[in-house]
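J.: Prediction below, plus the sequence it came from.
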Amino acid sequence: MPHWMKGPQEKPKLLLVDDQRINILTLHELFREECDIFMAMSGEQALEACQKVLPDLILLDVHMEGMDGHEVCRRLKKDPKTRDIPIIFVTAQGAEEDEVLGLELGAVDFIAKPINPVIVKARVNTHLTLKYQSDMLRSIALLDGLTGVANRRRFDEELARIWRQSLREKTELSAFMIDIDYFKRYNDHYGHMRGDTCLRSVAGALEAAVNRPYDLLARYGGEEFVCLLPNTHLRGAVVVAERMQACVQALQLEHSASEIGQRVTVSIGVSTMIANAIDGPQVLLEAADRQLYQAKQAGRACIRSGS
Ligand SMILES: [Mg+2]
C-alpha cells in the first residue's frame, strides 16, 4: 500500500479542545483506547495542533478565553489544508444559538455539556467512520487500478504542488520518465494477461527503489511510469534511477522477444531543475522525456540524464 494511504491499522487522530482541564480529562478517558489523542486548551493551541497533526476529528469547545471555538472553526475552514477536518462543537446545555452558528460555520455536529458518554461515543464513532470512508474513497480515486501505485490524476496534483514548493524555496526538483523496453513485443508474445502481471511486478520493483516518503512514483500511462523527487539534485536522482534498474533486473522476468538479454528491462530519462515563474511544471517532464528518448536511442536498458 502506498505510503500516502492511511492503513486501517492506524488509529484515528482525535483532537480535544477545551479550556477546562476536567472536560479534556473526561473525554480523554472515553477515547484513549481507540484513538490517538491530542489536546489543546486554547484556540491558538488548537490551530497549532491542527497544522502539526492534521486530526481526523476535532471536539471543539465553543466558549474559551481569548479565541473561541467559532473563531477556531472559521480559521480552519479558510485553510485548504485543514478545511476538511470534521468538527463537533461542544456547547453549553440549551445554547441553541451556539448550535445554529456552529452548524452555519460548517461543523458536522454538536454535543451538549455536561457530557453524556454514550452520546459522545456514538457521535464521535459516526463521524470517524464517515471521515475514514471519505479518505478511502479519495485514496482509491487517486490509485492506478492495475498496479496500485499513484495514478495520473494524483501525479498531476502532486507535480503542481511540488513545482510551487520548488519555486518558493528555490530547491532542485528531479523527475524521471521510465519506460519498459519492448513492452509491445511482450504483450504480443505473452498476451495481455501476462502483460498486466509484468506491469504490476515492474511497478512493485520501481516502488521498492524509492525510499523517502515524499517521493512519488506514478503510472503515467501504458507501460510508462513517472517519478518525482522533490529537493533532489541530479546526482542523487541518478542514484535512485540506478537502484530502480537494479530492482527491475533482480526480478529476472523472462522476455524472449526482447533484444536485451531476454529479460524485462527499463529505460529511464532523468531531469532536474529549479522551478521558475515563467514555465509550468510540464517543462520538467518534457526534459525527462527527451532524456528517455536519448536512453532509447542509446540502446535501451540505460539511464540518460540532464536538464
Ligand atoms: Mg469552555
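T.: Noted; the coordinates are in hand. Keep in mind that what you see is a predicted model, and the values were worked out from it rather than measured.
J.: What helices and strands are in contact with the least confident helix or strand in the chain by mean pLDDT?
T.: Lowest on mean pLDDT, DSSP states H and E among the helices and strands of the chain sits helix 96-104, with a mean of 88. In terms of contacts (3 or more CB pairs under 8 Å, 6 or more residues apart in numbering; DSSP states H and E), helix 96-104 is packed against helix 69-78, strand 87-92, strand 109-113. No exception for glycine: its C-beta is placed from N, CA and C like everyone else's.
J.: got a markdown table for these, with mean neighbour count, mean pLDDT and distance to the ion too?
T.: Converted to a markdown table, those look like this (neighbours: other CB atoms under 10 Å; pLDDT from 0 to 100; distance: least, CB to the ion, whole Å):
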| stretch | mean neighbour count | mean pLDDT | distance to the ion |
| --- | --- | --- | --- |
| helix 69-78 | 19 | 96 | 8 |
| strand 87-92 | 22 | 92 | 8 |
| strand 109-113 | 17 | 91 | 9 |
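J.: And those: which comes nearest V240?
T.: helix 69-78 (36.7 Å; CB to CB).
J.: That closest one to helix 96-104, inter-axis angle?
T.: Per axes from the mean of the first three to the mean of the last three CA atoms, to 10 degrees, the angle that helix 69-78 makes with helix 96-104 is 10 degrees.
J.: list the helices and strands helix 69-78 packs on?
T.: Against helix 69-78 (3+ CB pairs under 8 Å, 6+ apart) you get helix 43-53, strand 57-61, strand 87-92, helix 96-104.
J.: still on that earlier bit, what residues sit buried inside the least confident helix or strand of the chain?
T.: For helix 96-104, a neighbour-count test (16 or more other CB atoms under 10 Å) marks D98, E99, L101, G102 as buried.
J.: and what of stretch 251-269?
T.: L253, H255, S258, R263, V264, T265, V266, S267, I268, G269.
J.: Likewise for stretch 150-169?
T.: Neighbour-count burial for stretch 150-169 [16+ other CB under 10 Å]: A150, N151, R154, F155, E158, L159, I162, W163, S166.
J.: related to what we said a few turns ago, outside of the least confident helix or strand of the chain, which residues touch it?
T.: V62, G69, H70, C73, F89, T91, A92, F110 (CB atoms under 8 Å, 6 or more residues apart in numbering).
J.: so how far is L228 from the second one?
T.: With distances defined as CB to CB, to the nearest Å, the gap from G69 to L228 amounts to 39 Å.
J.: ditto for the fourth one
T.: Here C73 is placed at a distance of 34 Å from L228 (CB to CB).
J.: re earlier: TSV for the buried residues of stretch 150-169, including distance to Q20?
T.: Listed next are the buried residues of stretch 150-169 as TSV, based on distance: CB to CB, whole Å:
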residue	distance to Q20
A150	44
N151	47
R154	42
F155	47
E158	42
L159	46
I162	43
W163	46
S166	45
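J.: will you turn those into a markdown table that also has distance to the ion?
T.: Converted to a markdown table, the buried residues of stretch 150-169 look like this (distance: CB to the ion, whole Å):
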| residue | distance to the ion |
| --- | --- |
| A150 | 43 |
| N151 | 45 |
| R154 | 41 |
| F155 | 45 |
| E158 | 40 |
| L159 | 44 |
| I162 | 41 |
| W163 | 43 |
| S166 | 43 |
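J.: In helices, which of those appear?
T.: Judged by DSSP state H, the subset of these located in helices is R154, F155, E158, L159, I162, W163, S166.
J.: thought the fourth one was touching V283?
T.: No. No contact is recorded between L159 and V283 when judged using CB atoms under 8 Å, the distance being 11.2 Å.
J.: Next to the ion, which bits of this structure? Give me the list.
T.: The interface of the chain toward the ion, taken as CB under 5 Å from the ion, is made up of D19, D61, H63, M64.
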